[in-house]
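Asker: whatever this is, show me its structure:
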Amino acid sequence: MKLKVLLFAAVREAVGKQEVHLEVEDKATISSVSAALQQAYPQLRPLLSKCVFAVNQEYVEQDSVVQLQPRTLYML
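Answerer: All right, here's what the predicted structure looks like:
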């Protein structure tokens, strides 16, 4: 599944982009998306543990099991 991830604040500055596209497994969770972001952008490792994730404008915990659909994942 391809996800569009919108980036904000320090994460946007670290990556240098407003959004990125990730290829993740169909049953991806927030944790697996975070791992994919860290693999693609190693400079995010110290930041992601402090980030708040939201899926379709609803906040979710990074360690929660959320079955993602092909929709936008917002990250603050």
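Asker: so Ser64: helix, strand or coil?
Answerer: Secondary structure assignment for Ser64 (DSSP: H, G, I helix; E, B strand; the rest coil): coil.
Asker: distance of it from Phe53?
Answerer: Distance, Ser64 to Phe53, by Cβ to Cβ, to the nearest Å: 9 Å. Using the backbone N, CA and C atoms, a C-beta is placed for each residue, glycine as well.
Asker: these two: who's more crowded?
Answerer: Phe53 (21 against 11; other Cβ atoms under 10 Å).
Asker: report the distance from the top helix by length along the chain to the chain centre.
Answerer: As assigned by DSSP state H, the longest helix anywhere in the chain is helix 30-40. Counting by Cα atoms, centre = their mean, to the nearest Å, helix 30-40 is centred 7 Å from the centre of its parent chain.
Asker: Ala54 belongs to a helix?
Answerer: No - according to three-state DSSP, Ala54 belongs to no helix; its state is strand.
Asker: tell me how many other residues crowd it.
Answerer: Count around Ala54 with other Cβ under 10 Å applied: 15.
Asker: that one against Glu61, yeah?
Answerer: No - if you go by Cβ atoms under 8 Å, Ala54 and Glu61 don't touch, sitting 10.8 Å apart.
Asker: worst-scoring helix or strand of this protein, pLDDT-wise?
Answerer: strand 73-75 (a mean of 66; mean pLDDT, DSSP states H and E).
Asker: contacts for the longest helix of the chain, please.
Answerer: 3, 5, 20, 22-25, 28, 44-45, 48, 53, 55, 60-64, 66, 68, 73 (Cβ atoms under 8 Å, 6 or more residues apart in numbering).
Asker: same question, stretch 59-66
Answerer: Residues lying outside stretch 59-66 but in contact with it, judged by Cβ under 8 Å, 6+ apart, are Thr29, Ile30, Ser31, Ser34, Leu48, Ser49, Cys51, Val52, Phe53, Ala54, Val55.
Asker: tell me the confidence at the second one?
Answerer: The confidence metric pLDDT takes the value 86 at Ile30.
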